[in-house]
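Colleague: Here is the input, now give the coordinates:
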Amino acid sequence: MRFRGIHPASVDEKGRIGIPARYRADIILESGGMVMLTIEPDGCLLLYPMHHWEELELKLSHLPDFDPATKAWQRLLIGHATEASLDKSGRILIPQPLREYAGLERQVVLLGQMNKFELWSQNLFATERERWLRNIRPSPDIIERH
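Modeller: Down below sits the predicted model:
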């Protein structure tokens, strides 16, 4: 399962968002409908299907505990990790502390990033996208090298 594209969504009055319909069956099949939400330093949330999250957790567990950068990432990713499950309508509940961190209000954007989604407030996403377009000009050969 690979997540791609920009998917606008709305946060309902209970703090839930709908997962794009085209990905729901795969999340149910591969992760039992379970996802993990956590914070990302750029101001968005990360949403991993549980099986991808478990792969990341395993990688983090093999990093040196005394490395300051490792500790910081573990504190951010693991320390803020919160499980969620898809309900019958394909929605997940985003806990209030995570909504506050990412400034999520009514309109949000799910940005597909292969094995995960980034979950942005619509306003911050628009601002950040403009910054990315202004500042980052990858060389066309970057894809060819990888």
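Colleague: you'd agree Lys88 is in a helix?
Modeller: No. Counting by DSSP: H, G, I helix; E, B strand; the rest coil, one finds Lys88 to be coil, located in no helix.
Colleague: At which residues are the strands of this protein located?
Modeller: Ranges of strands within the chain are 6-10, 16-18, 34-39, 45-49, 82-85, 91-93, 107-112, 117-121, based on DSSP state E.
Colleague: Select, out of these, the one closest to Asp67.
Modeller: For the strands of the chain, proximity to Asp67 was assessed by Cβ to Cβ; strand 34-39 is nearest, at 19.5 Å. Where C-beta positions appear, they are placed from N, C-alpha and C, glycine not excepted.
Colleague: and the angle for the closest one with strand 45-49?
Modeller: 160 degrees (axes from the mean of the first three to the mean of the last three Cα atoms, to 10 degrees).
Colleague: ok, residues contacting strand 34-39?
Modeller: 19, 27, 45-50, 53, 76-78, 80-86, 92, 94-95, 98, 101-102, 119 (Cβ atoms under 8 Å, 6 or more residues apart in numbering).
Colleague: if we can go back for a sec, redo the strands of the chain as JSON lines? Include mean neighbour count and mean pLDDT.
Modeller: As requested, the strands of the chain are exported to JSON lines (neighbours: other Cβ atoms under 10 Å; pLDDT from 0 to 100):
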{"stretch": "strand 6-10", "mean neighbour count": "15", "mean pLDDT": "97"}
{"stretch": "strand 16-18", "mean neighbour count": "19", "mean pLDDT": "98"}
{"stretch": "strand 34-39", "mean neighbour count": "21", "mean pLDDT": "97"}
{"stretch": "strand 45-49", "mean neighbour count": "24", "mean pLDDT": "98"}
{"stretch": "strand 82-85", "mean neighbour count": "16", "mean pLDDT": "97"}
{"stretch": "strand 91-93", "mean neighbour count": "19", "mean pLDDT": "98"}
{"stretch": "strand 107-112", "mean neighbour count": "20", "mean pLDDT": "98"}
{"stretch": "strand 117-121", "mean neighbour count": "24", "mean pLDDT": "98"}
